[in-house]
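[1] Using only what follows, build the 3D model:
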Amino acid sequence: MGSDKFELLARAGYGARGIVFILIAGLALFSGLGGGSTDSKSALDAILNQPFGQIWLVLVGLGLAGFVFWRLAQSIGNADNQKPDAKGYIIRAALFGSAVTYAGLALYAVSHALGYSTGQGSGGGEASLAAWAMSQPFGRYLAGAIGLGFVVGGAVTAFKGVTRRFEKYLNVGQSHALTLVCVYGLVSRGVVFAIVGVFFCYAAFTVNPDQAGSMSDALTWVRGLPMGGVLYLIVAIGLAAFGVYNFVEARYRQVQTPDLNSIRAELPKVRG
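    Residues are numbered from 1 along each chain as shown. Alright, predicted model coming up:
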């Protein structure tokens with residue numbers, strides 16, 4: 001695949017993820033008034049209910065598939081040139097986990113647009129993942145480890161925003177407004193991600209996969225805090241900012257074509 005086509009896939013992927021999070025934020029704001037589910041699959045369902053929804057949903061699904069391809073290039077192909085140390089391998093493992101997550105979301109989008117069901121309704125992804133983990137040997141500990149991974153991932157995402165580490169691969173020039181939006185979005189996404197991880201850990205502790213909360217549950221928990229209405233609004237708008245951050249990445253992110261030889265060298269490690 002040529003570098004131009006590869007870059008197009010990556011940028012389309014960031015754009016598709018941006019659309020999903022803008023819709024999640026919109027659903028969060030509306031559900032704050034009238035109730036309803038607020039998660040990635042609900043956002044995709046909202047697209048399907050619009051005029052020409054099937055066409056739009058297929059396009060978003062294909063965009064998400066491009067994002068999966070880019071995540072695989074970052075993780076397996078080391079497109080971002082992470083150092084061959086513990087930190088580098090942890091980052092690449094997290095990127096691979098992101099690829100798996102968005103592969104499921106892309107499949108959900110395309111299959112529902114074409115009228116097929118993947119066997120999993122809107123929402124419930126975290127509970128299904130918890131149930132699968134707990135069905136494995138030492139499943140309770142596996143579920144707890146996944147939950148801790150969510151917590152750490154959320155903390156790292158928020159830290160990436162606060163410290164502006166995202167500027168290593170993203171150059172928005174002298175636009176302070178865009179920089180603030182990126183920081184706001186990353187911190188909000190990180191907070192929600194960490195709360196989901198805490199719910200997952202609680203599910204592992206109680207050995208009850210139904211306790212694994214989704215993004216919608218995390219926002220509901222925020223709303224139940226003191227001054228929860230204000231905090232809920234701040235986080236919901238922050239998820240919209242994260243959507244904008246993805247649009248900024250679609251435009252300005254440095255995208256490097258991975259070395260195919262490095263991918264061939266890494267594949268046996270992944271299989272093994």
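[2] buried residues in the helix or strand harbouring F67?
    According to DSSP states H and E, F67 maps onto helix 53-75. By neighbour count on 16 or more other Cβ atoms under 10 Å, the buried set for helix 53-75 is 53, 56-75. C-beta: built from backbone N, CA, C; applies to glycine.
[3] cool, stretch 132-139 as well?
    Applying 16+ other Cβ under 10 Å to stretch 132-139 flags 133-134, 139 as buried.
[4] Quick one: distance of that stretch to the chain centre.
    Distance of stretch 132-139 from the chain centroid (Cα atoms, centre = their mean, to the nearest Å) equals 23 Å.
[5] now swap in stretch 242-251 and tell me
    13 Å.
[6] Please apply the same query to stretch 74-81.
    The answer for stretch 74-81 is 18 Å, by Cα atoms, centre = their mean.
[7] Counting neighbours, which bits of it end up buried?
    So stretch 74-81, judged by 16+ other Cβ under 10 Å, has buried residues 74-80.
[8] Can you give me the end-to-end span of that stretch?
    8 Å (Cα to Cα, to the nearest Å).
[9] Stretch 200-218 too?
    Distance between the two ends of stretch 200-218: 11 Å, counting by Cα to Cα.
[10] G88 contacts S75, doesn't it?
    No. G88 is beyond contact range of S75, at 10.7 Å (criterion: Cβ atoms under 8 Å).
[11] quick one on the thing from earlier: name the nearest of the buried residues of stretch 74-81 relative to T101.
    S75 (12.2 Å; Cβ to Cβ).
[12] Please, which helix or strand holds the spatially most central residue of the chain?
    Residue closest to the average C-alpha location in the chain (Cα atoms, centre = their mean): S98, at 6.4 Å. In the assignment (DSSP H and E), S98 maps to helix 86-113.
[13] average model confidence for that helix?
    Averaging pLDDT along helix 86-113 yields 86.
[14] I figured A155 hits A194, correct?
    Yes. Using Cβ under 8 Å, A155 is in contact with A194, at 5.9 Å.
[15] Those two - which one has more neighbours?
    Taking neighbours as other Cβ atoms under 10 Å, A155 and A194 compare with A194 leading, 19 against 15.
[16] Read off the pLDDT value for the nearest residue to the residue nearest to the centre of the chain once chain neighbours are set aside.
    Distance criterion Cβ to Cβ, 6 or more residues apart in numbering; nearest residue to S98, sequence neighbours excluded, is R71 at 5.1 Å. We have a pLDDT of 91 for R71.
[17] Do a quick rundown of the helices in the protein.
    Assigned by DSSP state H, the chain shows helices spanning 3-34, 40-48, 53-75, 86-113, 125-134, 139-162, 176-206, 215-223, 228-252, 260-271.
[18] could I get those helices as JSON lines with distance to L170?
    Below are the helices of the chain laid out as JSON lines (distance: least, Cβ to Cβ, whole Å):
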{"stretch": "helix 3-34", "distance to L170": "10"}
{"stretch": "helix 40-48", "distance to L170": "23"}
{"stretch": "helix 53-75", "distance to L170": "14"}
{"stretch": "helix 86-113", "distance to L170": "16"}
{"stretch": "helix 125-134", "distance to L170": "28"}
{"stretch": "helix 139-162", "distance to L170": "11"}
{"stretch": "helix 176-206", "distance to L170": "7"}
{"stretch": "helix 215-223", "distance to L170": "24"}
{"stretch": "helix 228-252", "distance to L170": "5"}
{"stretch": "helix 260-271", "distance to L170": "23"}
